[in-house]
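[1] Build the 3D model from these lines:
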Amino acid sequence: MTTKPLRNRARVSKRSLRRKIMACFQKGYCMKKVLLTGGGTAGHVTPNIALLPKLRQEGYEIVYMGSYDGIEKKLIGDFDLPYVGISTGKFRRYPDVRNLTDPFRVLKGWREAKAYLKKHRPDVVFSKGGFVSVPVVRAAASLGIPCVLHESDMTPGLANRLCIPVAYQVCCNFPETLRMIPGAKAVLTGSPIREELTKGSRLAGLNLCGFSANIPVVLVMGGSSGAAQVNKAVRSALPKLLLGYQVVHLCGKGKVDNLLLNTPGYRQFEYVKNELKDLFAMADVVISRAGANAICELLALKKPNILIPLPAASSRGDQILNARSFESQGFSCVIQEDDLTADLLMDKVHELYFTRQCYYDAMSGSGQMDSIKTIVRLLGEAAEHTEPKEKAIP
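    Model (predicted):
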């Protein structure tokens, strides 16, 4: 009489265990492996860093592959990630003796990346670009490991152009870029930004700068190394700007003007790190260069902004295109550096502040606001298409 119920309980227990195991797999608790790559500049690393919390939440095992001693190694060192260094080189568009030797370094990096990938078999590779990513992506593709790329600028850079033919998908910041990527691979995602930037305190920013809560704040960002023309125009406009606004100025290393240190309503910093989130929270309008990561942060935080792109003579012109796209979408007001004067800057700040709601509304309606969730979803879909074999590379 007692045997049958015990058998029934055993069968129920086994069924319950099977259900729990299946539930775990359905929820994604099975460990997936993702290899992140990108480097050469901070802009090729920080979006990868922004993905880390969500990837960990989704149960990914994460490894970073970069150059032996590049900036990416330093930046990733703060995040308790395994780091794999490989040899790398740069493709230069100008005469340089290193153009003769760097192809051999890239080939060595490809062999090192392939040996690691073949042994450890990540489910998917995510590349943020930079030349260190080229041997990694090409090696992964040769092993049938799907690669998802991210292109920050409107027009793909050379490194990504070399990788796009073997990519599974390409994440983009701009609607215009979708037409430039062949094979229906492009997806409009926006750029992942660090979650902590959304958690700033306006009060903390005001206290840091010694500002009043009753006067609007202009945040000026010239990029990590500062921008001489922007700094000059802002300081020339200060006598008029400070009549109606407070100004916090991120002016770049070594570019603080000591004669203006005690100017009421004006605060200078060479660079900020953890405090940036509080300065963003405090700012009513922002003046910025038009680097892809910077403008995507402004979009995600819905900050009305004036963009002053780096001129074509000093770059490949990507900032001009970035700014033009944001202007056409109603996200930004744009001043070309060649046109920049103190009076024009003052007029544009005033115009932007009093029409800021229009810019806020346009950014709120953007389809590029949930980039981290979208990119992690794409990585999960790509991981399901892993081909466990070597294949020819076009």
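[2] just for the protein, where's the confidence low?
    For the chain, the stretches with pLDDT under 70 are 1-30, 90-102, 223-226, 314-315, 367-369, 386-394.
[3] quick one: contacts for the most centrally placed residue in it?
    Nearest to the mean C-alpha position of the chain, by C-alpha atoms, centre = their mean, lies residue 47 at 3.1 Å. By C-beta atoms under 8 Å, 6 or more residues apart in numbering, residue 47 lies in contact with 38, 128, 150, 152, 191, 192, 193, 293. C-betas here are computed from N, CA, C, even on glycine.
[4] what about the last one, distance to residue 44?
    The reference is to residue 293. For residue 293, the distance to residue 44 (C-beta to C-beta, to the nearest Å) stands at 9 Å.
[5] Who has more neighbours out of those two?
    Neighbour count, other C-beta atoms under 10 Å: between residue 293 and residue 44, residue 44 has more, with 28 against 20.
[6] Could you pull up the contacting residues of the more buried one?
    Shown in contact with residue 44 (C-beta under 8 Å, 6+ apart): 38, 72, 128, 129, 130, 133.
[7] Just name the closest of those to residue 58, please.
    residue 128 (18.4 Å; C-beta to C-beta).
[8] Please determine how far the residue nearest to the centre of the chain is located from residue 36.
    Here residue 47 is placed at a distance of 10 Å from residue 36 (C-beta to C-beta).
[9] what do those two both touch?
    Common contacts of residue 47 and residue 36 (C-beta under 8 Å, 6+ apart): residue 128.
[10] Export the contacts of residue 44 to JSON lines and append columns for neighbour count, distance to residue 284 and secondary structure.
    Output for the contacts of residue 44, formatted as JSON lines (neighbours: other C-beta atoms under 10 Å; distance: C-beta to C-beta, whole Å; DSSP: H, G, I helix; E, B strand; the rest coil):
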{"residue": "38", "neighbour count": "28", "distance to residue 284": "33", "secondary structure": "coil"}
{"residue": "72", "neighbour count": "30", "distance to residue 284": "34", "secondary structure": "helix"}
{"residue": "128", "neighbour count": "29", "distance to residue 284": "31", "secondary structure": "coil"}
{"residue": "129", "neighbour count": "28", "distance to residue 284": "33", "secondary structure": "coil"}
{"residue": "130", "neighbour count": "25", "distance to residue 284": "34", "secondary structure": "coil"}
{"residue": "133", "neighbour count": "31", "distance to residue 284": "38", "secondary structure": "helix"}
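[11] quick one: buried residues of the longest strand belonging to the chain?
    Longest among the strand segments of the chain by residue count, using DSSP state E, is strand 60-67. Buried positions in strand 60-67, judged by neighbour count with 16 or more other C-beta atoms under 10 Å: 60, 62, 63, 64, 65, 66, 67.
[12] contacting residues for the fifth one?
    For residue 65, the residues meeting the contact criterion (C-beta under 8 Å, 6+ apart) are 35, 36, 37, 83, 84, 85, 86, 113, 116, 132, 136.
[13] that older thread, give me the phi and psi angles of the residue nearest to the centre of the chain.
    Per-residue torsions, residue 47: phi -60, psi -30 (degrees, to the nearest 10).
[14] what ranges do the helices span in this protein?
    All helices of the chain, identified by DSSP state H, fall at 3-26, 46-57, 71-76, 98-120, 133-142, 158-163, 202-209, 228-241, 276-282, 292-301, 318-328, 342-354, 356-364, 371-383.
[15] Pull the contacting residues for the nearest residue to residue 176 once chain neighbours are set aside.
    Excluding the flanking residues, the one nearest residue 176 by C-beta to C-beta, 6 or more residues apart in numbering is residue 154, at 5.4 Å. Residue 154 makes contact with 173, 174, 176, 177, 318, 321, 322, 325, according to C-beta under 8 Å, 6+ apart.
[16] Turn those into TSV, columns for distance to residue 212 and neighbour count.
    Shown next, in TSV, are the contacts of residue 154 (distance: C-beta to C-beta, whole Å; neighbours: other C-beta atoms under 10 Å):
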residue	distance to residue 212	neighbour count
173	36	25
174	38	25
176	41	15
177	42	21
318	38	20
321	38	19
322	34	29
325	36	20
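[17] Going by distance to residue 197, which of the residues you listed wins?
    Distance to residue 197 across the contacts of residue 154 (C-beta to C-beta) is lowest for residue 173, with 16.4 Å.
[18] Residue 329 versus that closest one, what's the distance?
    According to C-beta to C-beta, residue 173 stands 11 Å off from residue 329.
[19] Equivalent analysis for residue 361, please.
    Distance of residue 361 to residue 329, computed by C-beta to C-beta: 12 Å.
[20] same question, residue 184
    Going from residue 184 to residue 329 by C-beta to C-beta gives 23 Å.
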